[in-house]
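Student: need a structure here:
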Amino acid sequence: MSTYVLVHGGAHGGWCYAKVSPLLRSAGHEVYTPTLTGLGERSHLLHPGVDLNLHITDVVNVLHYEDLRDVILVGHSYGGMVITGVADRASDRIRHLVYLDAALPEDGESLASMNPLTMEPTYAGVRIVNDVELVLWPDPAADSYYGVTDPADVEWMRGRLTPHPWRSFAQPLRLRDAARVKRIPRTNINCTETLARRPPERQARAFDADNVWEINTGHDLMITEPRAVADLLLQIPKLPQGRHQPS
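Tutor: So this is what the prediction gives:
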């Protein structure tokens, strides 16, 4: 049995893995889908101090208080920022990192600095509520970005999306031991639709992993292709777990 911790991306919550989690559990594995502070069912906990560091702490605390070890830690989209920070703080608890069409940050980078062209229009839609700058407000125009096209899935997703605190996108990731993080085995699962939109330097990162797989779908692959995602995640425990180091 393996333990999976699935971390969602911006404006989402643990709910977005509702189709993937049962497939992993039915194969005999343990699955956790934490929701980050201020989002999803924890949106009532939103406050001006919610940032990337707090979201990293959210997941580190799940690992600690549930006493999880040998974890396959998965992050989607903005969740790539979070799991990289978690790997830095709790590397002894992590067996493998999986980036689901996710941010692939280096030390000192923020999601906003990594994606200035796409994040600029995101910030243009900022609204301030109770002293919190919020972006990614639920809007039908966002459906095309998430890549969800099935009408039933769209309706289900729209009813659960929540605005996201900009501060977490703007805060740089600070790693205490970047070299140690890089020694953790990692897999990138890219989406064909979004891969083509990545600038050259980000495309290179998308292919820099021990294992690189691709699913021909849009950005929210855990909603649009849950079976394909689960099948690939189920391959992780079978892979050699030594980190490949480029020569």
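
Student: So which residues of this protein form helices?
Tutor: For the chain, the helices defined by DSSP state H occupy 21-26, 52-65, 79-89, 111-114, 116-124, 143-146, 151-158, 166-170, 178-182, 192-195, 200-206, 221-224, 226-233.

Student: for the longest one, packing partners?
Tutor: It stands for helix 52-65. With contacts taken as 3 or more C-beta pairs under 8 Å, 6 or more residues apart in numbering; DSSP states H and E, helix 52-65 sits against strand 3-7, helix 79-89, helix 166-170. To be clear about C-beta, it is placed using only N, CA and C from the backbone, and glycine gets the same treatment.

Student: I'd assumed residue 79 was in contact with residue 7.
Tutor: Yes - using C-beta atoms under 8 Å, residue 7 is in contact with residue 79, at 3.9 Å.

Student: contacting residues for residue 212?
Tutor: 187-188, 190, 206 (C-beta atoms under 8 Å, 6 or more residues apart in numbering).

Student: Who wins on neighbours among the residues you listed?
Tutor: Comparing these by number of neighbours (other C-beta atoms under 10 Å), residue 188 comes first, having 23 neighbours.

Student: Spatially nearest residue to that one (excluding sequence neighbours)?
Tutor: residue 209 (4.2 Å; C-beta to C-beta, 6 or more residues apart in numbering).

Student: Give me the number of neighbouring residues for the one you found.
Tutor: 19.

Student: Lowest-scoring secondary structure element of the chain by mean pLDDT?
Tutor: Lowest on mean pLDDT, DSSP states H and E among the helices and strands of the chain sits helix 116-124, with a mean of 77.

Student: Now do it: which elements does it pack against?
Tutor: Going by 3+ C-beta pairs under 8 Å, 6+ apart, helix 116-124 lies up against helix 111-114, helix 166-170.

Student: To residue 183, which of those lies closest?
Tutor: The closest of those to residue 183 is helix 111-114. By C-beta to C-beta, the value is 22.1 Å.

Student: What helices and strands are in contact with that closest one?
Tutor: By 3+ C-beta pairs under 8 Å, 6+ apart, helix 111-114 packs against helix 116-124, helix 166-170.
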